[in-house]
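**Q** just the structure for this:
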Amino acid sequence: MKLKKFMCVAFATMLMSVPAFAQDVRVSVNAALVDFDGQGATVVEGRTLIPVRGVFDKLGYSVNWDAESKVVTLTKDSVTITVPVGSNVITKNGEATTIDVPAQIIEGRTMLPLRAIGDAAGCEVAWDAETKIASIVDIFGYEREYYNFETTNMEALKFAEEMNAINDKIVQTVTPFMDVYKEFNNVNPTEIDNTQLMELIQKVSTMSKSANGTFNQIKSELSGVSVPAGGERVYEAAMNCLDVEINATNLITEVFDKIMAGETPTQEQMDALQKIGGEEGATMTLYNEITKDYIDSIKN
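**A** Coordinates of the predicted model:
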């Protein structure tokens, strides 16, 4: 019972949603700020809502609004996300997900819950409290767009290809780990017994250790990459992303191993755990921005 009481507190700390934004919150899509015409991002019941237009079209989605049924449909490749206005349920390829705050119409604009829709679209969503910017990064498609180009600078091309391979490995490592972490996040500790809870905690810890080992291996590979003139910032940004992921998985392992040992994580550890998502999103956004600038600079 003591474990479940502690875990309720731990969940409350780790699952705190994006802080209540001021009305001057801005939204960044793949490192570029979105200029909303009229109603911009706002906050309802502690959740950030964003206009459907101006965000998802930038992510490559076609947006369809059915005025009669009041349903927004987002389509990209084989992915279809349907968002009924006023409903606490959205669907992705027919699979339903419950959300805290429904989509709604504000000042004539259809507003969607940022984090829920971002997750459904397979994007990383992060909040920077200092700049008040909510960042959305398409980690699966954004980088690839900038490696499809022609250049006579073969040294730069080789570097770009190597960095793309490194990035693919980071994404391939992050994805299964985040799937497990989301499984943990979606559990209400009061609704499962201690044995099930401990098994899930063990699963997260094991996956975190595995991811940490892979990130360290990727960092070792990155250290052997030859960096051409002008590519230094890209290299540093990639190394920074890996350092953040290594530190994050170290912290998660420490916290979850403590819980399994019947110990209580320190407040400092819990505070750091709460900031992990924002740090990862911010470093990835910066990496994408720097990579784009570099690729643009070497195109013929």
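
**Q** could you use CA atoms for every contact and neighbour count after this?
**A** Noted.

**Q** Tyr294 sits in which helix or strand?
**A** helix 267-298 (DSSP states H and E).

**Q** buried set for that helix?
**A** For helix 267-298, the neighbour count (16 or more other CA atoms under 10 Å) marks 270, 272-274, 276-292, 294-295, 298 as buried.

**Q** show me the contacts for Gly54.
**A** Residues near Gly54 by CA atoms under 8 Å, 6 or more residues apart in numbering: 34-36.

**Q** tell me the one among the residues you listed nearest to Gln172.
**A** Of all the contacts of Gly54, Gln172 sits closest to Val34, with 28.2 Å by CA to CA.

**Q** could you list the domains of this structure?
**A** 18-137, 142-298 (automatic domain parsing).

**Q** thinking again about what came up before, next one: the helix holding Tyr294 to chain centre, how far?
**A** 10 Å (CA atoms, centre = their mean, to the nearest Å).

**Q** counting by contacts, list what that helix packs against.
**A** When contacts are defined as 3 or more CA pairs under 8 Å, 6 or more residues apart in numbering; DSSP states H and E, helix 267-298 sits against helix 2-14, strand 124-128, strand 133-137, helix 142-145, helix 232-260.

**Q** what is the mean pLDDT for stretch 103-120?
**A** The average pLDDT for stretch 103-120 rounds to 80.

**Q** any idea which residue sits dead centre in this structure?
**A** The centroid of the chain falls nearest to Glu124 when counting by CA atoms, centre = their mean (1.9 Å).

**Q** list the contacts for that residue?
**A** Contact partners of Glu124, counting by CA under 8 Å, 6+ apart, are 118, 135-139, 281.

**Q** circling back: comparing the domains of the chain by mean pLDDT, which bottoms out?
**A** Across those, the lowest-scoring stretch is domain 18-137, with a mean of 78.

**Q** buried sites along stretch 202-212?
**A** Buried residues in stretch 202-212, counted by 16+ other CA under 10 Å: 202-209, 211-212.

**Q** and those, which of them are in strands?
**A** Using DSSP state E, no member of the buried residues of stretch 202-212 sits in strands.

**Q** that older thread, roughly how far does the residue nearest to the centre of the chain sit from Ala282?
**A** 10 Å (CA to CA, to the nearest Å).

**Q** return every residue with contacts to both of these two.
**A** In contact with both Glu124 and Ala282: Ser135, using CA under 8 Å, 6+ apart.

**Q** report all helices and strands that the helix or strand where Ala160 lies contacts.
**A** Ala160 belongs to helix 154-185 when assigned by DSSP H and E. Packed against helix 154-185, as judged by 3+ CA pairs under 8 Å, 6+ apart, are the following elements: helix 194-222, helix 232-260.
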